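Enquirer: Sharing a model prediction with you, sequence too.
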Amino acid sequence: MIIMNEEKLSNHKIAIFGSTGYIGMILAEMLAGSSVHAKLFVRNKRRVKYLIKKCKNLTVTDTALESNNIGKLSDELRGYDTVIYLIHSMTKEQSGSFEAQDDLLASIVGEASRNACVKNIVYLSGLGVPQEGHKLSKHLASRQHTAVELAKFGVPVTELRAGVIIGDGSASFEIIRNLGTKMPIFPKLSIETGLCQPIDVDSVISYVFEAIHNKKFHGNILEIGCDEVFKYSEMVKIFATEVKHRAMPYFPLPGIEKLISKGLIAWVISRATSLPVQLTKPLIGGIDSYAIIGDHPVKKYDENCPVKPLTYSEAIAVAADREAKGQTISLWGLPIENQVYDKRESDHFKFKYNATEINGILYEERGLKIQDHEVEPVFSEIKRIGGKNGYWSPHWLWKIRGWVDTILGGPGLSGRIRNYSEVREGERMDFWTISRYIDRANLKKLRLKARMRTPGKAWLEFTITKREDGNYLVLRAYFEPDGIFGYAYWYSLYFIHKYMFTKMINTLYEKAMEAYERKKL
């Protein structure tokens, strides 16, 4: 349970950088339901569009974190008491290394915070204690150095250092869950010499809120974690035993284990979990580091802090239960621009196609004319796509496609329960990501970008357009082939697509009308 003392926070104005990340989205959701005023600094407003519509206490800005914008950022921060900083570069930027990018962004926010007279910066850093033979990984060292860059301009920085965060939707939990579910054995690796103290996500969020108003924490380093210390493989084995109720023995690899590198492990985990290697590589980079509490435990500054982290067993049980019940608030992710947008999409999807191939993009289309009173029921049914509701066509065909995708290292069909009342761009379901959502009187659209393993890029789009002669429901499947194998893949499914998409749009309409008639009774 998240501890948020709204009474103590009521006089604070909070600005969040990195508010569309995993922790940032949970914080934004919590603040959205409170009386606290918050400003979200984002790279793309579309990820938080659903929050903007329903919450008057949130404001959103997409001012870029660039040196020539420091004056504008300072103006936008003026009057705010606390900055929550959650930005971390996961990959090398075009302008240089991720370390340089992290330092640059932190210095921009630090200078703007000073100019705006911000009282406190709360920064979520990485837990790690360098010891002989156990250096910090480059990413972990960079995360800790970010605190130095933030503090250069004189604003007190409260640095919360957390290790593996266990929560439904977190990248770390996705790795643990996938490996604990899929792997029959666990290889014994000589490279795994590190230790970690994990922490449940509710406690992380609670510590962030506590760090805002607890002056005993201001300007200090706080190392947060549960009381238990594990090897990374032990956490996977415990998940397999306690959540999946099966044993996962170690498997020795004599003569081979010393040849296994961090890069290879990151690649294997990427294939097994469908997490991009850009994410697994920095996560696995600390497999030989000590991500444990050192000289800065919370009790050093406040023995009466109300936040008490769950045990690891309790944390994985809560995370698994929330995931099963569809209570996940936020999912890990790369920036939304890298997940769902690309030049092809922005250049081509604004046009209406009337041929089977335009500029290298193939597509299949089905359409129906519907009445005015049918628009909302049909769009409501469209929003229920995926997960346990399926795709309005033979489920066994989708199961085969999901099974093939899983074998190839893709996400497959997760069956995850979604919150159908809110559609969020950037949200993932099965082997799709929601890349576009529009709900206007004359245009309604839901576009999904495929995460499945295919020799090309694929989209599935539902559109309801109001025209002079009526309303038109259109289902389109787009595919941008990657070479000859892409074309072979698309045309090998020609007759299946003809059947599937016809079945989909007709069944979608029928189910929507059935629900509409039931509601009228």
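Expert: Received the coordinates, thanks.
Enquirer: which other helices and strands contact the helix ranked longest in the chain?
Expert: Longest helix in the chain, counting residues (DSSP state H): helix 494-520. When contacts are defined as 3 or more CB pairs under 8 Å, 6 or more residues apart in numbering; DSSP states H and E, helix 494-520 packs onto strand 361-370, helix 375-382, strand 470-481. All C-beta atoms are positioned from the backbone trio N, CA, C, and that covers glycine.
Enquirer: How about the contacts made by Asn69?
Expert: Thr63, Ile108 (CB atoms under 8 Å, 6 or more residues apart in numbering).
Enquirer: now it, what's its secondary structure?
Expert: Counting by DSSP: H, G, I helix; E, B strand; the rest coil, the backbone at Asn69 sits in helix.
Enquirer: per-residue confidence for it?
Expert: With respect to pLDDT, Asn69 has a value of 93.
Enquirer: So which of the helices and strands packed on helix 494-520 is nearest Glu149?
Expert: strand 470-481 (39.9 Å; CB to CB).
Enquirer: and that closest one, which strands flank it?
Expert: strand 361-370 (antiparallel), strand 456-467 (antiparallel) (DSSP bridges).
Enquirer: Buried residues, the last one. List them.
Expert: Put plainly, it is strand 456-467. Using 16 or more other CB atoms under 10 Å as the test for burial, strand 456-467 gives Gly456, Lys457, Ala458, Trp459, Leu460, Glu461, Phe462, Thr463, Ile464.
Enquirer: How about residues contacting stretch 186-197?
Expert: 127, 133-134, 163-164, 179, 225-233, 235-237, 248-253, 257-258, 260-262, 265, 286-293.
Enquirer: Would you write out the ChimeraX command that picks the buried residues out of those?
Expert: Buried residues within the contacts of stretch 186-197, by 16+ other CB under 10 Å, are selected in ChimeraX with:
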select :127,134,163,164,179,225,226,229,230,232,233,235,236,237,248,260,262,265,286,287,288,289,290,291,292,293
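Enquirer: ok, so of the buried residues of strand 456-467, who is nearest Ser142?
Expert: Closest approach to Ser142 among the buried residues of strand 456-467 (CB to CB): Lys457, at 31.5 Å.
Enquirer: Could you break the protein into its assigned domains?
Expert: Listed by automatic domain parsing, the domain ranges of the chain are 6-336, 341-520.
Enquirer: Among the buried residues of strand 456-467, find the lowest-pLDDT one for me.
Expert: Comparing the buried residues of strand 456-467 by pLDDT, Lys457 comes last, at 87.
Enquirer: nearest residue to that residue other than its sequence neighbours?
Expert: Setting aside the residues directly before and after it, Lys457 is nearest to Glu480 in space (CB to CB, 6 or more residues apart in numbering), at 4.4 Å.
Enquirer: Then Asn115?
Expert: Ser74 (3.7 Å).
Enquirer: That neighbour reaches Ala112, doesn't it?
Expert: Yes: counting by CB atoms under 8 Å, Ser74 sits close enough to Ala112 to count as a contact (4.6 Å).
Enquirer: Neighbour count for these two, which is higher?
Expert: More crowded of Ser74 and Ala112, by other CB atoms under 10 Å: Ala112, with 27 against 17.
Enquirer: Could you verify my assumption that the more buried one touches Leu73?
Expert: Yes: Ala112 lies in contact with Leu73 (CB under 8 Å); the separation is 3.9 Å.
Enquirer: hey, what's in contact with both of these two?
Expert: If you check Ala112 and Leu73 against CB under 8 Å, 6+ apart, no residue is contacted by both.
Enquirer: wait, Phe230 sits on Ile199?
Expert: No: Phe230 sits out of contact with Ile199 when judged by CB under 8 Å, with a separation of 11.9 Å.
Enquirer: before we move on, back to that, do you know how far the residue nearest to Lys457 is from Gly456?
Expert: Separation of Glu480 from Gly456 (CB to CB, to the nearest Å) stands at 5 Å.
Enquirer: Mind listing the shared neighbours of these two?
Expert: Counting by CB under 8 Å, 6+ apart, the shared contacts of Glu480 and Gly456 are Gly486.
Enquirer: Name the residue most distant from the centre of the chain?
Expert: Outermost residue of the chain with respect to the C-alpha centroid, by CA atoms, centre = their mean, is Asp469; its distance is 41.3 Å.
Enquirer: the inter-axis angle of the helix or strand harbouring Phe485 versus strand 456-467?
Expert: For Phe485, the host element (DSSP states H and E) is helix 483-492. With axes from the mean of the first three to the mean of the last three CA atoms, to 10 degrees defining the directions, helix 483-492 sits at 50 degrees from strand 456-467.
Enquirer: Lovely, talk soon.
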